[in-house]
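J.: Quick one: sequence plus predicted model below, questions after.
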Amino acid sequence: MPDKPRLTREQIAHRAAMELPDGAYVNLGWGIPNLIADYLPKNVEVYFHSENGILGMGRRARPGEEDYDLVDAMKVPVTLIPGASFFHQADAHLMSRGGHLDVAVLGGFQVSEKGDLANWKIPGAKGSGGIGGAMDIAAGAKKLIVCMEHTTREGSPKIVRQCTYPLTGLACVDTLVTDLAVIDVKPEGLILREIASGWDIEGLQKLTGAPLMSLGRAPEIKFL
Amino acid sequence: MPDKPRLTREQIAHRAAMELPDGAYVNLGWGIPNLIADYLPKNVEVYFHSENGILGMGRRARPGEEDYDLVDAMKVPVTLIPGASFFHQADAHLMSRGGHLDVAVLGGFQVSEKGDLANWKIPGAKGSGGIGGAMDIAAGAKKLIVCMEHTTREGSPKIVRQCTYPLTGLACVDTLVTDLAVIDVKPEGLILREIASGWDIEGLQKLTGAPLMSLGRAPEIKFL
Amino acid sequence: MRNKIHPTLDSAVGDIRDGARIMFGGFGGAGFPNNLIQALARKGTKDITAISNNCGTRDGELGLMFKNGQIRHVIASFPGPHSNYFQEKLAAKKVTLELVPQGILCERMRAAAAGLCAFYTTVGVGTEVAAGKEERTIEGKRCILEMPIHADYALIKAETADELGNLTYRLAARNFNPIMAMAATTTIVEVDEIVPVGAIKPEHVVTPAIFVHRIVQAKGVRYAG
Amino acid sequence: MRNKIHPTLDSAVGDIRDGARIMFGGFGGAGFPNNLIQALARKGTKDITAISNNCGTRDGELGLMFKNGQIRHVIASFPGPHSNYFQEKLAAKKVTLELVPQGILCERMRAAAAGLCAFYTTVGVGTEVAAGKEERTIEGKRCILEMPIHADYALIKAETADELGNLTYRLAARNFNPIMAMAATTTIVEVDEIVPVGAIKPEHVVTPAIFVHRIVQAKGVRYAG
């Protein structure tokens, strides 16, 4: 039995982009979040922060346009928008940790019903692993959105009662955008805000490791 | 009976200026230290730091030359030398507290035999008092010189076993330049390095509230 | 795009309520937001906690705030002998004062800006400023615990803002202003000049726009005293 | 005037002894002191404790130091999947690693620079990085105690130095370099260009000369990977 359709990675990014308010200062993490800049609504202007000391990052550099002194946190050559600024890495993280970023969007391996995030290390993976800026950003952003698939490739829930992967931060996630749902993490629990077309909360709950609540029937995810 | 001659404030500053090594980064406090810049030996180039965010402060501004956006820590209009830089007050004190200043020279009300300094508040004085940057500078400079008269106007020793005035910092003073002597504060006690012309250690000891030691007969203070 | 530019000084401070905690930039006559202070005097906000290096002079800087009785508590490093209105109110117990070493004042504001919970310093150990503070020994050094200083507003002065709020400062008028801009919830800047977006080279920005919430152009009132 | 300018890369690193603690600037391919690293490889200093965000790539940045077996311990936030020489040495237990969140890495270096003894942060609470660290609750927030990271040397890269050591950086090649310059006992900078004293506007200086001890002009070797 083929599964009902899920959002693509690009659609997750598209839906997450709709969460960004006009004028917001935003940090985008690795993975799906890095696709978000392509899906900003036309009337929304946001300012992208990079933890290597850039505010006002523009699109990625086109072939021939690359300057390797101007890279983002993924080491990819980028461009600037007018009004950009540079600062050192401690000031960059003062911004992320000190509550100056309006929104940060990170990828996730697991999110708990309390909003704990695990996104930096897979247990048993080879090599050193690496934290990067994720812990500072998770701890400090005014609003933290996590973009991820709803389940692992094997079909296990990535939204769980308690994270089993190494943690990035405690009670830091505000909103989850997955390939099946938009979910807000509230003191009372996980509140289903929107659901993928063709899915219902019962079907979704089976793929979710923690109880979902809903205020009435959750509307379908739509794209602006 | 008239006292034997003592150094003038200008001579104290002159003698203290001779303690500054070539190329040093130096902060000068209020009072006598502020006169030091006029007495630098010709072959010595030092860089003056001001805690309001200047490195490379030059002489005071001449009449008609004043720019009130360019003042020193005493609010007096100053000039810049080539190669000066500006930075914010937290970085200015990162320099003073973090051990980046080679020498700081402060005024003093009392200095103890252990090198404790009291220089910000006279007990019983009216008003709020004010600390300013003295505590950070006292705590952090690689070498702290205190310039002061050897005794109060009433003739009491300002060099004491234990400070009775409110403290600026503990065990922070390295060298004292007074109107009667140059004294180093060492773990073993106060070591008389030089003495004013016409004075001997016995006469000096009577005006000093803590024991003075000397390696042989201390030479006279001379001016380059 | 959020419009951060306010048409008047009065609108820029229009929502500052009684009891607000406010940082005021400036040092030694340079970089004080004198025009914003005058607007706050006109507004008449009371019971202010003021965080500032100095407490002004007879006619200048924060002096007006004390003259008007708008400030209830002060956190400062050097109120200053010429801060006569402050000294009068302090003597009359109409104002309370917390004296903080200047660098620690900066550092406590920066801790607030950087989301740090507290820090240990050797500065002030064994002095009056250590009173009531936790002391311990770390790596053989006696040190005391210092807490962040947060504020609802920072009133600062810069030379130039672009329309997004990137700031540059003139000479030593920089002083406390960039630190306060980072530390306060809402930063209001008066500037000599507002320039188009892109007019400031990205490497020359001192305060990035993320820290600036309201911009107002003001003809500078300056006090040498 | 102290002459800070070294004629060669080799003389600039000439006194770095085995066992030194060294900070290496750079992030994401930008702002690495690649020429100084090559000089340090020629010198053959061993048992280095390296403090750096990354551990280099196959051929670039710190990679060479690991390939040569010169590094014994690393403090880093993101060693990186392409840091193959580091990963090999780590797997072979020839190198030890302390993983630190990137902003805390910056902040611990800044604490060393600023003469602070320690600080409390919420970052890392409840995670692996909290292991062995003191935890307490301040103002209702769980936080952990973090210690300064000192170093004997910082090897950094800037675009321009004047003859006194004032530095400016190009674009995002700034990154860790100014922080490390402030934190280390001796800061050695390789630059594209040395300009006369006075050529950099005082407001545009990013790293003031007080933090810079040795300057060497180097043709930049750059690694995109």
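T.: Everything's here; your move. Since the structure is predicted, the reported quantities are computational estimates derived from the model, not experimental observations.

J.: Report the next helix or strand after the host helix or strand of residue A:13 in sequence order.
T.: For residue A:13, the host element (DSSP states H and E) is helix A:9-17. Downstream of helix A:9-17, the next assigned helix or strand under DSSP H and E is strand A:25-28.

J.: what's the spacing between the helix or strand following that next one and its chain's center?
T.: Scanning forward in sequence from strand A:25-28 by DSSP H and E, the next helix or strand is strand A:47-50. Remark: strand A:47-50 is offset 14 Å from the chain centroid, using C-alpha atoms, centre = their mean, to the nearest Å.

J.: Could I get the CA-only coordinates of strand A:47-50 as PDB?
T.: C-alpha atoms of strand A:47-50 as PDB (Å, rounded to 0.1, in the frame of the first residue of the first chain):
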ATOM      1  CA  TYR A  47      17.500  39.700   6.900                       C
ATOM      2  CA  PHE A  48      19.600  36.600   7.000                       C
ATOM      3  CA  HIS A  49      22.200  36.200   9.800                       C
ATOM      4  CA  SER A  50      25.100  33.800   9.500                       C
END
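
J.: other SSEs contacting it?
T.: strand A:25-28, strand A:54-60, strand A:78-86, helix A:89-97 (3 or more C-beta pairs under 8 Å, 6 or more residues apart in numbering or on different chains; DSSP states H and E). In short, each C-beta sits where N, CA and C put it, glycine included.

J.: In chain C, what residue spans correspond to strands?
T.: Ranges of strands in chain C, per DSSP state E, are C:21-24, C:48-51, C:71-76, C:96-99, C:116-121, C:135-138, C:141-146, C:151-162, C:167-168, C:184-195, C:214-217.

J.: taking the helices and strands packed on strand A:47-50 together, which one is wrapped up most tightly?
T.: Of all those, helix A:89-97 has the most neighbours on average by mean count of other C-beta atoms under 10 Å in any protein chain shown, namely a mean of 28.

J.: Now look at that one and say if it contacts chain D.
T.: Yes. Using C-beta under 8 Å from any C-beta of the partner chain, we find that helix A:89-97 touches chain D at A:89, A:90, A:92, A:93, A:94, A:96, A:97.

J.: Next one: the first one from residue B:81, what distance?
T.: Taking C-beta to C-beta, to the nearest Å as the measure, residue A:89 falls 31 Å from residue B:81.

J.: which residues are contacting stretch C:181-189?
T.: Identification of contacts with stretch C:181-189 by C-beta atoms under 8 Å, 6 or more residues apart in numbering or on different chains yields A:94, A:98, A:100, C:12-13, C:22-23, C:33, C:36, C:109-110, C:112-114, C:149-158, C:161, C:165, C:167, C:177, C:180, C:207, C:211-216.

J.: can you do 6 Å?
T.: Outside stretch C:181-189, the residues that touch it by C-beta atoms under 6 Å, 6 or more residues apart in numbering or on different chains are C:12, C:23, C:109, C:112-113, C:151-156, C:158, C:207, C:211-215.

J.: Buried residues in stretch A:27-46, which are they?
T.: In terms of neighbour count (16 or more other C-beta atoms under 10 Å in any protein chain shown), stretch A:27-46 has its buried residues at A:27-37, A:39-40, A:46.

J.: Please dump the residues you listed into CSV; it should also carry pLDDT and distance to residue D:129 for every row.
T.: Shown next, in CSV, are the buried residues of stretch A:27-46 (pLDDT from 0 to 100; distance: C-beta to C-beta, whole Å):
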residue, pLDDT, distance to residue D:129
A:27, 97, 20
A:28, 96, 23
A:29, 93, 18
A:30, 89, 19
A:31, 90, 21
A:32, 95, 25
A:33, 95, 22
A:34, 92, 24
A:35, 94, 29
A:36, 95, 27
A:37, 92, 30
A:39, 95, 33
A:40, 94, 34
A:46, 96, 30
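
J.: Just the C-alpha atoms of stretch C:94-114, please, in CSV.
T.: Provided in CSV are the C-alpha atoms of stretch C:94-114 (Å, rounded to 0.1, in the frame of the first residue of the first chain):
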residue,chain,number,x,y,z
LYS,C,94,14.9,60.8,46.5
VAL,C,95,17.3,58.7,44.3
THR,C,96,19.1,55.5,45.1
LEU,C,97,22.5,54.6,43.6
GLU,C,98,24.3,51.4,42.7
LEU,C,99,28.0,52.2,42.0
VAL,C,100,29.6,49.8,39.6
PRO,C,101,33.2,49.7,38.3
GLN,C,102,33.2,51.1,34.8
GLY,C,103,34.4,48.0,33.0
ILE,C,104,32.1,45.8,35.0
LEU,C,105,29.2,48.1,34.1
CYS,C,106,30.1,47.5,30.4
GLU,C,107,30.6,43.8,31.0
ARG,C,108,27.3,43.3,32.8
MET,C,109,25.5,45.1,30.0
ARG,C,110,27.3,42.9,27.5
ALA,C,111,26.3,39.8,29.5
ALA,C,112,22.7,40.8,29.1
ALA,C,113,23.3,41.4,25.4
ALA,C,114,25.0,38.1,24.9
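
J.: could you check whether it is close to chain B?
T.: Yes. Contact of stretch C:94-114 with chain B (C-beta under 6 Å from any C-beta of the partner chain) involves C:97, C:99, C:101, C:102, C:103, C:106, C:110.

J.: Mind listing what's buried along that stretch?
T.: Buried, per 16+ other C-beta under 10 Å, within stretch C:94-114: C:95, C:97, C:99-114.

J.: Identify the residue nearest residue C:109 in space, chain neighbours excluded?
T.: In this structure, residue C:109 finds its nearest non-sequential neighbour in residue C:183, 4.1 Å apart by C-beta to C-beta, 6 or more residues apart in numbering or on different chains.

J.: ok so, going back, possible to save the helices and strands packed on strand A:47-50 as CSV with distance to chain C?
T.: As requested, the helices and strands packed on strand A:47-50 are exported to CSV (distance: least, C-beta to the nearest C-beta, whole Å):
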stretch, distance to chain C
strand A:25-28, 5
strand A:54-60, 5
strand A:78-86, 4
helix A:89-97, 4
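
J.: do you know which of the ones you listed lies nearest residue B:174?
T.: Among those, the nearest to residue B:174 by C-beta to C-beta is helix A:89-97 (30.9 Å).

J.: can you dump the C-alpha coordinates of the closest one into PDB?
T.: Extracted in PDB, the C-alpha atoms of helix A:89-97 (Å, rounded to 0.1, in the frame of the first residue of the first chain):
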ATOM      1  CA  GLN A  89      32.100  35.500  15.500                       C
ATOM      2  CA  ALA A  90      31.600  36.400  19.200                       C
ATOM      3  CA  ASP A  91      29.200  39.200  18.200                       C
ATOM      4  CA  ALA A  92      27.500  36.900  15.700                       C
ATOM      5  CA  HIS A  93      26.800  34.500  18.600                       C
ATOM      6  CA  LEU A  94      25.900  37.300  20.900                       C
ATOM      7  CA  MET A  95      23.100  37.900  18.400                       C
ATOM      8  CA  SER A  96      22.100  34.200  18.300                       C
ATOM      9  CA  ARG A  97      22.400  33.500  22.000                       C
END
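
J.: do whichever helix or strand comes after that helix and chain D meet?
T.: With elements assigned by DSSP H and E, the helix or strand that comes after helix A:89-97 is strand A:103-107. No. Strand A:103-107 lies out of reach of chain D by C-beta under 6 Å from any C-beta, never closer than 12.3 Å.

J.: and strand A:103-107, what other elements does it pack with?
T.: strand A:25-28, strand A:143-147 (3 or more C-beta pairs under 6 Å, 6 or more residues apart in numbering or on different chains; DSSP states H and E).

J.: Now look at the longest one and say if it contacts chain C.
T.: Pointing back at strand A:143-147 there. No. Shown here: strand A:143-147 not in contact with chain C (C-beta under 6 Å from any C-beta), separated by at least 13.7 Å.

J.: relative to strand A:103-107, how tilted is that strand?
T.: 30 degrees (axes from the mean of the first three to the mean of the last three C-alpha atoms, to 10 degrees).

J.: Any residue of strand A:143-147 touching chain D?
T.: No. Strand A:143-147 does not reach chain D (C-beta under 6 Å from any C-beta); its nearest approach is 13.3 Å.

J.: one step back: could you dump the residues of stretch C:94-114 next to chain B into CSV with pLDDT and distance to chain A added?
T.: What follows is these, written out as CSV (pLDDT from 0 to 100; distance: C-beta to the nearest C-beta, whole Å):
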residue, pLDDT, distance to chain A
C:97, 97, 27
C:99, 97, 26
C:101, 98, 22
C:102, 98, 20
C:103, 98, 17
C:106, 98, 13
C:110, 98, 8
